[in-house]
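3D model of this:
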Amino acid sequence: MDEKIVARVTEILLDKYILKVDNKSSVNTFNCNNTFEAYKTGNVKKNNNILVGDLVNVKKSYDKYMIEKVLLRKNQVIRPPVANIDQMVIVLSIKNPLPDYMLLDKQLVLCKSKNIEPVICINKIDLCNDFEYIKDVYSSYVKNIFFVSAKENSQIENLKKCLIGKVSAFSGNSGVGKSSIIKNIVGEDYNILVGEIGKKTSKGKHTTKHVKLYEFEKDSYILDTPGFSSYELYDIEYKRLKDYYDEFLDCKCDYDDCTHVLESSDVCEVKRKVENKKIDKSRYERYVYIYNKLKEDYERKYK
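I've put the predicted structure just below:
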């Protein structure tokens with residue numbers, strides 16, 4: 001009888017899958033290295049598109065490891081194409097560049113819609129200590145907010161503790177120090193990670209498609225890919241956007257289908273709370289912008 005274990009897909013190279021034994025779900029009965037190569041069985045080829053992050057059943061048949069089944073996903077993201085992300089570390093800098101709150105709000109919508117725990121990481125606290133807006137607006141519905149300095153390696157250890165035992169994606173604009181933070185977390189091995197990605201994303205080798213999970217401690221993975229820093233929101237319905245804003249959920253508008261955009265404050269409690277400064281006006285205005293953009297994209301698509 002074939003032996004079977006559960007493993008996590010950490011990288012995909014053409015028809016070959018790089019797997020790591022999932023210690024939480026399985027015992028390595030194969031007595032193989034924790035990292036090993038596997039291939040699809042015929043049944044999986046027909047019915048499943050395997051993604052980086054997937055948990056899969058693997059069987060050993062003679063001298064080969066074969067993926068027999070893709071297990072139920074916790075979540076799935078279109079761009080980059082990954083599955084089973086536990087949390088997203090959204091990196092902003094407090095200065096040089098200033099915080100990009102539009103990107104932050106879009107990433108929080110993505111997290112809420114995909115059952116991903118958001119983590120806000122504010123870098124460059126050595127340059128500025130004006131955190132009041134972030135604390136006032138976001139701390140009530142984002143559990144973990146870290147204020148760090150990658151340059152001085154300050155408070156990085158607290159962030160690292162939050163990543164242990166999780167699959168964590170990092171997002172952040174150019175210049176915010178995302179790579180420096182990751183390097184401080186994983187050490188010099190990050191140079192290997194960057195080098196490996198650089199080789200595989202060179203010209204002519206699908207620069208936007210290569211995704212890799214990097215294990216920096218046992219059962220602790222980092223996903224660092226430009227795809228998560230996109231301004232685009234994929235597969236988010238504009239009519240459901242309001243459901244992803246925690247500060248809207250307790251509002252009792254006169255109409256159940258209130259968009260909080262088109263209606264007047266006479267019937268929309270969200271707008272009344274904005275006027276009374278109980279909901280941040282700037283964040284609400286960003287919501288309106290995102291709503292209109294998603295609505296415009298939808299109408300253009302189905303015109």
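
number of nearby residues for residue 302?
6 (other C-beta atoms under 10 Å). To be clear about C-beta, it is placed using only N, CA and C from the backbone, and glycine gets the same treatment.

please disregard the earlier target; I meant residue 213.
Each residue near residue 213 was counted by other C-beta under 10 Å, and the total is 23.

can you give me the strands in the chain?
Taking DSSP state E as the criterion, the chain carries its strands at 3-13, 16-21, 35-40, 55-61, 64-70, 76-77, 82-83, 87-93, 117-123, 144-147, 167-171, 213-217, 220-224.

can you map out the helices along the chain?
42-47, 101-114, 132-138, 156-163, 178-186, 189-200, 269-275, 281-301 (DSSP state H).

would you turn those into TSV with distance to residue 6, mean neighbour count and mean pLDDT?
Below are these laid out as TSV (distance: least, C-beta to C-beta, whole Å; neighbours: other C-beta atoms under 10 Å; pLDDT from 0 to 100):
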stretch	distance to residue 6	mean neighbour count	mean pLDDT
helix 42-47	15	11	71
helix 101-114	22	20	95
helix 132-138	36	14	95
helix 156-163	22	16	95
helix 178-186	25	21	90
helix 189-200	24	13	51
helix 269-275	44	19	97
helix 281-301	37	15	95
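
just put those in a markdown table and tack on distance to residue 72.
Output for these, formatted as a markdown table (distance: least, C-beta to C-beta, whole Å):
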| stretch | distance to residue 72 |
| --- | --- |
| helix 42-47 | 14 |
| helix 101-114 | 15 |
| helix 132-138 | 31 |
| helix 156-163 | 24 |
| helix 178-186 | 29 |
| helix 189-200 | 29 |
| helix 269-275 | 35 |
| helix 281-301 | 28 |
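
those: which one's closest to residue 53?
Smallest distance to residue 53 across the helices of the chain (C-beta to C-beta): 11.9 Å, for helix 101-114.

what comes into contact with that closest one?
75-77, 85, 88, 90, 92, 116-118, 120, 138, 142, 171, 173, 228-229, 231, 233, 236, 240-241, 243-246, 282-283, 286-287, 289-290 (C-beta atoms under 8 Å, 6 or more residues apart in numbering).
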